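> Structure of the sequence below:
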Amino acid sequence: MPEPLRVLVVEDEPVAAEAHATCVNAVPGFVVAAMAATGQEALRALQENAIDVVLLDMNLPDRHGLEIVRAMRAAGHKADVIAVSSARDLDIMRSAVSLGVVQYVLKPFAFATLRDRLQAYLDYRATHLATAEVGTQAEVDEVFAAVRPSRAATLPKGMSEELFGRVVSALRNAPEACSASELAAELGVSRVTARRYLEHLHDSGLATRRSRYAGAGRPEVEYAWRT
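Below is the predicted model:
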């Protein structure tokens, strides 16, 4: 059995970092070899560890992820990079592609999304890195398509990507923490539905949850986007 690919997880938010590491370790063929919270720590970890893949947050406190990729290449580090970011700026995505970033995963994401990207990357390495040359255009196309899975990753059963995106947008743009009832009223869905999506965001480490006390009744749970 081949050795698992060693992953460097670069993420400045501790809860998200732990969630990403848990996801990586849960996918056969991968193991977290190091973790870093800043660009400087990431570059040091690359010097001190044998790394195959970098799971790289694009928005770090000291340097942008694209700068880190440039610094990696300038220093001779050849590890492939999977970008993880909430940034939806097409210019950033184009720059990431030009620097050789093999995947770009948008936050927030379900575990299945990252799992599928990692599995596609593993298949790519197993199938296409064993030989040094390709013989036909079809083989070239296959190499470039292999690392990008064609099937869509799924949210937990019963959830839709469209509503998930609306919940994320509403919570991120909310001026203060909101309850499931308040979010349900804003989105035109039931309180139970809103609460399910909010709980999924909390369980994924993307939202905080706390009790709101108002009067003598039962406290209400409120949620806020984790910044």
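> Can you give me every residue that contacts Ala180?
Ala180 sits next to 191-192, 194-195, 198, 221, 223 when contact means Cβ atoms under 8 Å, 6 or more residues apart in numbering. (C-beta placed from N, C-alpha, C; glycine too.)
> among those residues, which two are most distant?
Greatest spatial distance in the contacts of Ala180: Val192 and Tyr223, 14.5 Å, computed using Cβ to Cβ.
> Those two: who's more crowded?
Between Val192 and Tyr223, counted using other Cβ atoms under 10 Å, the more crowded position is Tyr223 (26 against 9).
> I'd like to know how far that one sits from Arg88.
Using Cβ to Cβ, to the nearest Å, Tyr223 is found at 22 Å from Arg88.
> Likewise for Ala45?
Per Cβ to Cβ, Ala45 is found 28 Å from Arg88.
> Who has more neighbours out of those two?
Ala45 (18 against 9).
> Doesn't Thr22 belong to a helix?
Yes: assessed with DSSP: H, G, I helix; E, B strand; the rest coil, Thr22 lies in a helix.
> contacting residues for it?
By Cβ under 8 Å, 6+ apart, Thr22 lies in contact with nothing.
> Mind pulling the model confidence for it?
Thr22 carries a pLDDT value of 89.
> quick one: it from Val32, how far?
Using Cβ to Cβ, we find Thr22 at a distance of 9 Å from Val32.
> Check what pLDDT the residue most central in space within the chain gets.
The chain has Val84 as the residue nearest its centroid, 4.2 Å off, counting by Cα atoms, centre = their mean. Val84 is assigned a pLDDT of 89 by the prediction.
> and if you look at the one 3 residues further on?
According to the per-residue confidence, Ala87 scores 72 in pLDDT.
> Then Glu67?
93.
> if you skip the residues just before and after it, what's nearest to it?
Gly39 (6.8 Å; Cβ to Cβ, 6 or more residues apart in numbering).
> number of nearby residues for that neighbour?
Counted with other Cβ under 10 Å, residues neighbouring Gly39 total 23.
> quick one: contacts for it?
Gly39 sits in contact with 10, 60, 62-63, 65, 67-68, 71, where contact means Cβ under 8 Å, 6+ apart.
> run the last query once more with 7 Å
If a contact means Cβ atoms under 7 Å, 6 or more residues apart in numbering, then Gly39 has 60, 62-63, 67-68 as its contacts.
> cool, and Arg195?
For Arg195, the contact set (Cβ under 7 Å, 6+ apart) comprises Ala180.
> where does it land on pLDDT?
Per-residue pLDDT puts Arg195 at 94.
> Next, the contact list for Val101, please.
Val101 neighbours (Cβ under 7 Å, 6+ apart): 69, 81, 83.
> Can you read off the backbone torsions of the second one?
Just to be clear, that refers to Val81. Dihedral angles phi and psi of Val81 (degrees, to the nearest 10) take the values phi -120, psi 130.
> Tell me how this structure divides into domains.
Following automatic domain parsing, one finds the domains of the chain at 5-146, 161-225.
> which stretch in these has the least confidence?
Note on the domains of the chain: lowest mean pLDDT is at domain 5-146, with a mean of 84.
> Distance from it to the middle of the chain?
Centre-to-centre, domain 5-146 and its host chain are 10 Å apart (Cα atoms, centre = their mean, to the nearest Å).
> Look at the residue lying closest to Ala37 once chain neighbours are set aside and give its secondary structure.
With Cβ to Cβ, 6+ apart as the criterion, Ala37 has its nearest non-adjacent residue at 4.7 Å, and that residue is Asp12. Following three-state DSSP, we place Asp12 in the coil state.
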